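Novice: please work out how this folds:
(chains A and B)
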Amino acid sequence: MENRPQIDEKLKNEVSKQGIVVTSLQEIYNWGRRNSIWPMQFGLACCAIEMIAAAASRYDMARFGSEVFRSSPRQADLMIVAGTVTKKMAPLVVRLYNQMADPKYVIAMGACAISGGPFKDGYNVLKGIDRYIPVDVYISGCPPRPEALLHALIELQHKIDGQQLTGRSRAEFLDPEQPSEFPIPALGKHDLEPPANTALFRPPSIKRD
Amino acid sequence: MPVDTNIADPYLFLIVFIGVAVAFPLIPLALAWSWRRFLQPPKPGESKNAIYECGLESSGQARVQFRARYHLYCIIFLIFDVEAIFLVPFAVAFTGLPVGAFVAILVFLVLLVEGLVWAWSNGCLSWRN
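Specialist: The predicted structure follows:
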């Protein structure tokens, strides 16, 4: 809410001591969203085992409201890209992302999903899923431990908490100008066509002396 | 007999119950609908509206036919599957069985084998296109 003043934090604390909860629509909406992030149930490689461990009883992702792994992209809020994305799989991952309903988020889990990882030099490995879809949280590791995935989830919750509903800096899914779908790459003769979504993927240029 | 006006209509709770039962699902649905209608811009798209949701592109027609020929195998398999259920207790209790029971199970087996021979000779076990 850019034009309107936020609720004064001091006053909010004061009245909450008296048992009165003051909130705004944005706060309560984001509170509901961040505590019910439903991930999509799909794993690409060994990181998926850690993802399963994070969902199981020892690490218990249910504590963060994310235990409901949905098998359909239409019911999912979060795509955890868990594992090596091969060039054959990349169009499918992008299509699944496109089919998710807004608002949607992506966690790139592990070195492979971030950059291709140890298989970066492989002819059939995509060098990072962020070439085609926007990634919200990156987790390093090969594979990352379940705690790291939980940390990524908490980071995502922080991000959702800070998303604006109105104004110029509002969240992408509320902006009609922002795309919800991204072009699906096709398998070309040697590489995916196009090799990256240039509107999305802007790697820093490497300067060598 | 004086009417006690303090007691509400005994059926009142039913009306309240129905009201709550209708409102409970309708309020979230109405909230979700109005959120989509007034606040969140719709962003339909080609792959978002696609029918198939496994990541693959759908191809071909949904109306395809499968060969019904396999059902003959299924039926014959089912008969011999049931036969195994009878044969296992027969084999377990074999030493303590009277002659009558032995003859009975033999008759049962002969009937089944005869059926198999008949099916075989009729070409039910050969796959023809």
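
Novice: how about the secondary structure of the residue nearest the centre of chain A?
Specialist: Chain A has residue A:106 as the residue nearest its centroid, 2.0 Å off, counting by Cα atoms, centre = their mean. Using DSSP: H, G, I helix; E, B strand; the rest coil, the structure places residue A:106 in strand.

Novice: now the helix or strand containing residue B:31: mean pLDDT?
Specialist: For residue B:31, the host element (DSSP states H and E) is helix B:12-34. Mean pLDDT, computed over helix B:12-34, is 94.

Novice: now that helix: how far from the chain's centre is it?
Specialist: 32 Å (Cα atoms, centre = their mean, to the nearest Å).

Novice: rewinding a little: quick one: the residue nearest to the centre of chain A from residue A:77, how far?
Specialist: 10 Å (Cβ to Cβ, to the nearest Å). Backbone N, C-alpha and C define where each C-beta goes, glycine included.

Novice: swap in residue A:187?
Specialist: Residue A:187 sits 29 Å away from residue A:77, going by Cβ to Cβ.

Novice: for the residue nearest to the centre of chain A, give the beta-bridge partners.
Specialist: Listed by DSSP bridges, the beta-bridge partners for residue A:106 are residue A:79.

Novice: just the buried positions in stretch A:149-156, please.
Specialist: A:149-150, A:152-153, A:156 (16 or more other Cβ atoms under 10 Å in any protein chain shown).

Novice: now stretch A:105-123
Specialist: A:105-117, A:119.

Novice: repeat that for stretch A:182-189.
Specialist: Buried, per 16+ other Cβ under 10 Å, within stretch A:182-189: A:182, A:184-185.

Novice: repeat that for stretch A:66-82.
Specialist: By 16+ other Cβ under 10 Å, the buried positions in stretch A:66-82 come out as A:66, A:68-70, A:73, A:76-82.

Novice: and it, C-alpha only, in CSV?
Specialist: Provided in CSV are the C-alpha atoms of stretch A:66-82 (Å, rounded to 0.1, in the frame of the first residue of the first chain):
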residue,chain,number,x,y,z
SER,A,66,3.6,-27.5,2.9
GLU,A,67,2.9,-31.2,3.3
VAL,A,68,0.3,-31.3,0.6
PHE,A,69,2.3,-32.4,-2.4
ARG,A,70,-0.1,-32.2,-5.4
SER,A,71,0.2,-34.4,-8.4
SER,A,72,-1.4,-31.8,-10.7
PRO,A,73,0.2,-28.5,-11.5
ARG,A,74,-3.2,-26.9,-11.4
GLN,A,75,-3.4,-27.4,-7.6
ALA,A,76,0.2,-26.5,-6.8
ASP,A,77,1.7,-23.2,-5.7
LEU,A,78,5.3,-24.2,-5.6
MET,A,79,7.5,-26.1,-8.1
ILE,A,80,10.6,-27.6,-6.4
VAL,A,81,12.9,-28.4,-9.3
ALA,A,82,14.7,-31.2,-7.5
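
Novice: of the buried residues of stretch A:105-123, which belong to helices?
Specialist: Among the buried residues of stretch A:105-123, the residues falling in helices (DSSP state H) are A:110-115.

Novice: residue 45: neighbour count?
Specialist: Unless you meant another one, I'm taking chain A. 19 (other Cβ atoms under 10 Å in any protein chain shown).

Novice: can you look at chain B instead?
Specialist: 13.

Novice: could you find the closest non-adjacent residue to it?
Specialist: Nearest non-adjacent residue to residue B:45, counting by Cβ to Cβ, 6 or more residues apart in numbering or on different chains: residue A:181, 4.0 Å away.

Novice: farthest pair within the buried residues of stretch A:66-82?
Specialist: A:68 and A:81 (18.5 Å; Cβ to Cβ).

Novice: quick one, phi psi at the residue nearest to residue B:45?
Specialist: Note on residue A:181: its backbone torsions stand at phi -120, psi 150 [degrees, to the nearest 10].

Novice: for it, which residues are in contact?
Specialist: Shown in contact with residue A:181 (Cβ atoms under 8 Å, 6 or more residues apart in numbering or on different chains): A:98, B:43, B:45-48.

Novice: do residue B:116 as well
Specialist: Residue B:116 touches B:76, B:80, counting by Cβ under 8 Å, 6+ apart.

Novice: now name the helix or strand holding it.
Specialist: Per DSSP H and E: residue B:116 is located in helix B:99-121.

Novice: alpha carbons of that helix, in CSV - could you do that?
Specialist: Output of helix B:99-121 as CSV, limited to C-alpha atoms (Å, rounded to 0.1, in the frame of the first residue of the first chain):
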residue,chain,number,x,y,z
VAL,B,99,-10.8,-91.5,-1.4
GLY,B,100,-14.0,-89.7,-2.2
ALA,B,101,-12.4,-86.3,-1.8
PHE,B,102,-9.5,-87.4,-4.0
VAL,B,103,-11.9,-88.4,-6.7
ALA,B,104,-13.8,-85.2,-6.3
ILE,B,105,-10.8,-83.0,-6.9
LEU,B,106,-9.7,-85.2,-9.8
VAL,B,107,-13.1,-84.7,-11.4
PHE,B,108,-12.7,-81.0,-10.8
LEU,B,109,-9.3,-81.0,-12.5
VAL,B,110,-10.5,-83.1,-15.4
LEU,B,111,-13.3,-80.7,-16.0
LEU,B,112,-10.9,-77.8,-16.1
VAL,B,113,-8.3,-79.5,-18.3
GLU,B,114,-11.1,-80.5,-20.6
GLY,B,115,-12.1,-76.8,-20.8
LEU,B,116,-8.5,-75.9,-21.5
VAL,B,117,-8.2,-78.4,-24.3
TRP,B,118,-11.5,-77.2,-25.8
ALA,B,119,-10.3,-73.5,-25.6
TRP,B,120,-6.9,-74.5,-27.1
SER,B,121,-8.4,-76.4,-30.0
